Structure formats: C-alpha cells, structure tokens
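[1] The sequence isn't on hand, but the structure is:
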C-alpha cells in the first residue's frame, strides 16, 4: 500500500489546460489538484489519491475538449478558404 | 510567583507554577503576573515553556472555518483576471481541506491569501476596464471632432 509518496497533483497540467484548452474543466482540475497536496500533508493518503485521480480525469477531459474545439474551428474556418 | 490566566475573556487565578501546569494552558493562553504591563501569551514567557509545550492542546477549542472565497475566486477567474483568479482558487480550495485536517492557522492563512488574490484580480480587471473605457471615450471624442 503506497502511503508515503505524494500522488501526482496535476497542478501544472490543470493550470495549462485552464488557460489554453478548456476553462471550466481546467478549473475543476485545479480544484482537485490543490486538494491533493493539502490532503497528503494532513495525512489523508487515500483521499489524496482519490483527489489526484479526479484532478487527472478533469484535466484530461478539458485537454481533449480543448483540442476538439481547436480542430473544429480549424475545419470550419479552414473550409472557407 | 503567582500567575493569572485569561480563558475566554475570564480572568482566573492566581496560580503557582505547579497549579498552572494543571490548568492545561496553550501557547496562546494569555498570562499575567506582577511586573507585566499587559497580558502576554504563554509562548512568550520563558519560565512557562516546559508547561506550555508538554500539555496537549484543548480539543474543544475549534475556531469556526474561515471564509474559503471559492465562489468569488472562480467568478474572478472566469470574468475578471485569469491569473490572479487561479491563485485565488488554489488558496480557496486549501482553506477547507486544511481546516478539516485540523490545521486552523494555516487554514486562516490560506483564506487571507485567497481573499488577497481574488480582490486583486477583481480590481485589476476593474482598473483595466476603466482605462479601456477611458480610451474608448477619448477615441469617441476625437472621432466626433474630426467630423
């Protein structure tokens, strides 16, 4: 049982996704990311692990939604050439 | 030496050093003895150091949870200033996690940080908005003048 290494916080990734990809999902990612390190520091390892999974989930969702929107716009505006 | 203590704004005492040890004082309990101009927290009194740091903290003294500023920081992030808003959100989230982890001082600190960044983001946006309006107004005036 891993209890001594801090799970991945996804903080940097969620901030990038919030700024460049998808604001709402990115913010959700940041919220969970901030929880990871605090929960870990107060000794709640399982909850930190759960928060880390959520942070990863929302960050990835935001990333793919953002990519999809960008591709969509490229197709729509690209088609007008 | 006789000491008085202040608990919940009630003065108790006088106590000798031995009696003080039985009172379960904390580092922040205010103490007064002859010679002090004002109440001092126990952590500032050298001769009480042994007592203060060897008794367990009062479990019933749970301060109320400080304001998290989560809603405000999210709004600021969405509508005002993204960078400051994000810092505000990060601090806001930490407020309640730290509080439930028992770290009340850190929780309060994070609440103050969240408030600071959220308000900064709000006023920076307001300032930029006003400057922008000012330029629009000038452009409007000079444009009108050219006609």
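    Received it, and whenever you're ready, just let me know what you need. Just so we're clear, the structure is a prediction, and the values are computed from it rather than from any experiment. Residues are numbered from 1 along each chain as shown, chains lettered A, B, ... in the order given.
[2] Which helix in the chain has the most residues?
    You didn't pick a chain, so chain A it is. helix A:45-78 (DSSP state H).
[3] Correction: the question concerned chain B.
    Chain B, longest helix under DSSP H: helix B:104-146.
[4] pLDDT weak spots in chain A?
    A:1-4, A:80-81 (pLDDT under 70).
[5] Which residue would be the closest one in it to chain B?
    For chain A, the residue closest to chain B is residue A:42, as judged by CB to the nearest CB, at 2.7 Å. The way it works is simple: take the backbone N, C-alpha and C, and place the C-beta from them, glycine included.
[6] That residue and residue B:106 touch, don't they?
    No - in this structure, residue A:42 is not within contact of residue B:106 by CB atoms under 8 Å, at 9.4 Å.
[7] can you list residues touching both of the two?
    residue B:98 (CB atoms under 8 Å, 6 or more residues apart in numbering or on different chains).
[8] Who are the contact partners of the residue nearest the centre of chain A?
    Here the mean C-alpha position of chain A is nearest to the C-alpha of residue A:59 (CA atoms, centre = their mean), at a distance of 2.1 Å. Counting by CB under 8 Å, 6+ apart, residue A:59 touches A:10, A:13-14, A:17, A:25-26, A:29, A:33.
[9] how does it look with 7 Å?
    A:10, A:13-14, A:17, A:29 (CB atoms under 7 Å, 6 or more residues apart in numbering or on different chains).
[10] what's the answer for residue B:76, then?
    Neighbour list for residue B:76: B:84-85, B:88, B:118, B:121-122 [criterion: CB under 7 Å, 6+ apart].
[11] any chance of these in a markdown table, plus distance to chain A, neighbour count and pLDDT?
    Compiled in a markdown table, those are given as follows (distance: CB to the nearest CB, whole Å; neighbours: other CB atoms under 10 Å in any protein chain shown; pLDDT from 0 to 100):
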| residue | distance to chain A | neighbour count | pLDDT |
| --- | --- | --- | --- |
| B:84 | 13 | 22 | 92 |
| B:85 | 9 | 26 | 91 |
| B:88 | 11 | 30 | 92 |
| B:118 | 14 | 28 | 93 |
| B:121 | 14 | 25 | 92 |
| B:122 | 17 | 20 | 93 |
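[12] residues in chain A within reach of chain B, list them.
    Contact residues, chain A versus chain B (CB under 7 Å from any CB of the partner chain): A:15, A:18-19, A:23, A:27, A:30-31, A:34-35, A:38-39, A:42, A:44.
[13] switch the cut-off to 8 Å
    Residues of chain A lying near chain B by CB under 8 Å from any CB of the partner chain: A:11, A:15, A:18-19, A:23, A:27, A:30-31, A:33-35, A:38-39, A:41-44.
[14] Let me see the confidence value for residue B:59.
    Looking at residue B:59, its pLDDT stands at 58.
[15] Up against chain A, what does chain B have?
    Selection of chain B residues close to chain A by CB under 8 Å from any CB yields B:70, B:74, B:77-78, B:82, B:86, B:89-91, B:93-94, B:97-98, B:100-103.
[16] Let's see that with 10 Å instead.
    Contact residues (CB under 10 Å from any CB of the partner chain) of chain B with chain A: B:70, B:73-74, B:77-78, B:82-83, B:85-87, B:89-103, B:106-107, B:110.
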